[in-house]
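Participant: give me coordinates for this.
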Amino acid sequence: MEFPFDVDALLGERVTAVDQHLQPPGRRGPGYTAAHRVDLQQQLMTIIDEMGKASAKAQNLPAPITSASRMQTNHHVLYILKDNEVKTAGKGAIIGFLKVGYKKLFLLDRHGAHNEVEPLCILDFYIHESLQRHGYGKELFQCMLQRERVQPHQLAVDRPSEKLLCFLRKHYNLQGTIPQVNNFVIFEGFFAEQHAPVRKLPPKRAEEEIKPYSLTDRECKRPQGWRV
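Facilitator: This is a model prediction of the structure:
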């Protein structure tokens, strides 16, 4: 996806990690005034908004679940992959992005027990349609794993598409899932190693039912009556 500004210089690295502060890593130095920095941040916000729209369209979602405004209000990290080789007007282009974040969830293990956990979650993943099946998704995903220092089986995935499930099977041998009653998918080995503590919940009482789910961005955006 191309933009009317210098993406290559704006993002700097091949894969750029952006947090809620939306600070562009490129073009920093004493020569850049506060006005310049605001302009660069606006460019980054444009990239995030447009890529979020493209991802929502590809997944047939009623509205984007990734946007600059949502990034600013959540502790998520957006990994953006740029194309260094595109020479159109010398400005570069964006290949895709991967959004991750820690969420507190109530998940079931193989024994049906509720576990309160806070794993790293895959929240949105998109590679431009014209560039899929070229290894870019694996490159982006692998970079995220290394920077977050997490193994694939430790992830929880928010409402994955069949395409994403195929991707995880092919590249990371994630096949066996542990059934859940919420929108998240976890795989065998998830409870074997957890960076965050796993707390088993006591048996629920009739007057205080424990709900083993977490309201997701996708659920919030889903209009009434919309079904999977």
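Participant: CA atoms for contacts and neighbours, from now on please.
Facilitator: Fine.
Participant: residues in contact with Ser55?
Facilitator: Contact analysis of Ser55 by C-alpha atoms under 8 Å, 6 or more residues apart in numbering lists 64, 124-126.
Participant: what about the strands in the chain?
Facilitator: 15-18, 76-83, 93-102, 105-108, 114-117, 120-127, 156-158, 177-178, 184-187, 199-200 (DSSP state E).
Participant: to Pro4, which of these lies closest?
Facilitator: strand 93-102 (9.7 Å; C-alpha to C-alpha).
Participant: could you pull out the helices for the chain?
Facilitator: 7-11, 34-58, 68-72, 136-148, 162-172, 217-221 (DSSP state H).
Participant: pick the most deeply packed of the ones you listed.
Facilitator: Among those, the stretch with the highest mean neighbour count (mean count of other C-alpha atoms under 10 Å) is helix 7-11, at a mean of 20.
Participant: what mean pLDDT does that one have?
Facilitator: In this model, helix 7-11 carries a mean pLDDT of 88.
Participant: would you turn the helices of the chain into CSV with distance to Leu155?
Facilitator: Putting these into CSV (distance: least, C-alpha to C-alpha, whole Å) gives the following:
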stretch, distance to Leu155
helix 7-11, 27
helix 34-58, 20
helix 68-72, 20
helix 136-148, 10
helix 162-172, 11
helix 217-221, 17
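Participant: looking at these, which is nearest to Glu116?
Facilitator: helix 217-221 (19.2 Å).
Participant: circling back to that earlier point, wait, which of the helices of the chain is closest to Asn183?
Facilitator: helix 217-221 (8.6 Å).
Participant: before we move on, back to that, closest one of the contacts of Ser55 to Ile95?
Facilitator: Of all the contacts of Ser55, Tyr126 has the smallest distance to Ile95: 8.6 Å, by C-alpha to C-alpha.
Participant: can you give me every residue that contacts the closest one?
Facilitator: 55, 96-98.
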